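Enquirer: below is the structure, and that's it, no one-letter string:
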């Protein structure tokens, strides 16, 4: 018989990565939609647009993935070993809740970072590329929310394990 409480807890980390991927996809769309006209007008801006469009990927490729990997290969196995191979309803609920928190933090961070990068990309022609550095710095502010989402989620998970 399947332990549905444990299954529910195991859905969480994958859901966090999935939400991060949704935000990344939206963020890339926002960044590229504004950057493509800049490349069309000045092909020399291509590298800058590529970098601006790449930035929202870090929430999926790094933060969401690191959270998911550590949960599946380190934290959840440790919890299972301490609780006889199954999650209690309370722990499963916390794992799912924390994973949703991480997922939404990554999703919104990537989405908003894409908007910032898109605005920077839209101004590349007007500023002859001068906005690029400022755009990267402003996009880093959104990046910080993704980092904090992952770190806070892992801290809570480590507290659950008792480390």
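Expert: Alright, I've got the coordinates. These numbers come from a predicted model, not from an experiment.
Enquirer: what is the subsequent helix or strand relative to the longest helix seen in the chain?
Expert: In the chain, assigned by DSSP state H, the helix with the most residues is helix 4-41. Going down the chain from helix 4-41, the next helix or strand is helix 46-54, by DSSP states H and E.
Enquirer: check the offset of the helix or strand containing residue 143 from the chain's centre.
Expert: Using DSSP H and E, residue 143 sits within helix 132-161. Mean C-alpha position of helix 132-161 versus that of the full chain (Cα atoms, centre = their mean, to the nearest Å) differs by 8 Å.
Enquirer: also stretch 42-51?
Expert: The answer for stretch 42-51 is 24 Å, by Cα atoms, centre = their mean.
Enquirer: stretch 84-103 too?
Expert: On the basis of Cα atoms, centre = their mean, stretch 84-103 sits 19 Å off its chain's mean C-alpha point.
Enquirer: repeat for stretch 71-78
Expert: Centre-to-centre, stretch 71-78 and its host chain are 19 Å apart (Cα atoms, centre = their mean).
Enquirer: show me what the longest helix of the chain is packed up against.
Expert: Contact partners of helix 4-41 among helices and strands, from 3 or more Cβ pairs under 8 Å, 6 or more residues apart in numbering; DSSP states H and E: helix 46-54, helix 65-70, helix 76-82, helix 89-122. Using the backbone N, CA and C atoms, a C-beta is placed for each residue, glycine as well.
Enquirer: worst mean pLDDT among the ones you listed?
Expert: Comparing mean pLDDT across those, the weakest is helix 76-82, with a mean of 90.
Enquirer: tell me how far the nearest residue to residue 44 once chain neighbours are set aside lies from residue 123.
Expert: Leaving out its chain neighbours, the residue that sits closest to residue 44 by Cβ to Cβ, 6 or more residues apart in numbering is residue 129, at 7.8 Å. Residue 129 sits at a distance of 9 Å from residue 123 (criterion: Cβ to Cβ, to the nearest Å).
Enquirer: just the pLDDT for residue 3.
Expert: Residue-level pLDDT assigned to residue 3 equals 83.
Enquirer: how about the contacts made by it?
Expert: Residues counted as contacts of residue 3 (Cβ atoms under 8 Å, 6 or more residues apart in numbering) are 86, 87.
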